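**Student:** sequence and predicted structure are below.
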Amino acid sequence: MGRWLWSGPPPAESHACLILAHGAGAPMDSGFMAGMAERLAVRGISVVRFEFPYMAERRSGGGRRPPDPQARLLDCWREVYSRLRREVSGPLAIGGKSMGGRMASLLADELEARALVCLGYPFHPAGRPDRPRTAHLAELGTPTLIVQGERDALGKRDRVREYSLSPTIRLHWLEAADHDLKPLKASGFTHERHLDSASDIVAGFLQSVGRFV
């Protein structure tokens, strides 16, 4: 399981408690993950970060291991949620960056999470828009927020518009942004501004689905 990172106020004193998983290539303390956790913390959100087994093994000297098979990633999510469920009395939200968010989306209904937050959802594998990963999203019952860059190579705005998504899913688009929510310089936006905007949207969304106390 490795170690966990907590950011923000204690869950009992926060607006929401969010378990946030990393993406396929970067750890829980990457610049993106740390930046989002810090921003959400100052907005009253308690954030818990963890690492999947393959990433924890990388940290302990296991080399650059590829992501675990999906079954193992899902089992890890179940274990993390189960352990946090014993420590946090109020409802829990789950989510993550890219792959971490996709794994969370596969379990959100099963775990009966209060809400789901995906940052840069991989709607299809890299270079394979003909293989959408959206079947389960059409029937998702959990209140969901997906923050997506308009030019995300794993789910551009014009293509995502063609998918059948559950009415419980809210999409927030960041102008000219890529998979890491980083905008083109010519757009006039900065990465910091987009991350601030994403944090505002996520914090507001979590509060809107009910106070987590």
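**Tutor:** Noted; the coordinates are in hand.

**Student:** going forward, measure contacts between C-alpha atoms and count neighbours the same way
**Tutor:** Fine.

**Student:** and Ala21, what does it touch?
**Tutor:** Shown in contact with Ala21 (CA atoms under 8 Å, 6 or more residues apart in numbering): Met28, Arg49, Phe50, Glu51, Gly95, Gly96, Lys97, Gly100, Gly101.

**Student:** once you drop chain neighbours, what's closest to the first one?
**Tutor:** Closest residue to Met28 in three dimensions, ignoring its sequence neighbours and counting by CA to CA, 6 or more residues apart in numbering: His22, at 5.3 Å.

**Student:** one more: the third one?
**Tutor:** What sits nearest to Phe50 in space, not counting adjacent residues and going by CA to CA, 6+ apart, is Trp4, at 4.8 Å.

**Student:** among the contacts of Ala21, which ones are in strands?
**Tutor:** Mapping the contacts of Ala21 onto strands (DSSP state E) picks out Arg49, Phe50, Gly95, Gly96, Lys97.

**Student:** quick one: which of those residues is nearest Ser187?
**Tutor:** Ser187 lies nearest to Lys97 out of the ones in strands among the contacts of Ala21, by CA to CA, at 23.1 Å.

**Student:** so the closest one sits against Leu116, correct?
**Tutor:** No. Counting by CA atoms under 8 Å, Lys97 sits too far from Leu116 to count as a contact (11.6 Å).

**Student:** now the helix or strand of the chain with the lowest mean pLDDT: buried residues?
**Tutor:** None of the helices or strands of the chain scores lower by mean pLDDT, DSSP states H and E than helix 53-59, at a mean of 91. By neighbour count on 16 or more other CA atoms under 10 Å, the buried set for helix 53-59 is Pro53, Tyr54, Met55, Ala56, Glu57.

**Student:** fine by me, we can end here.
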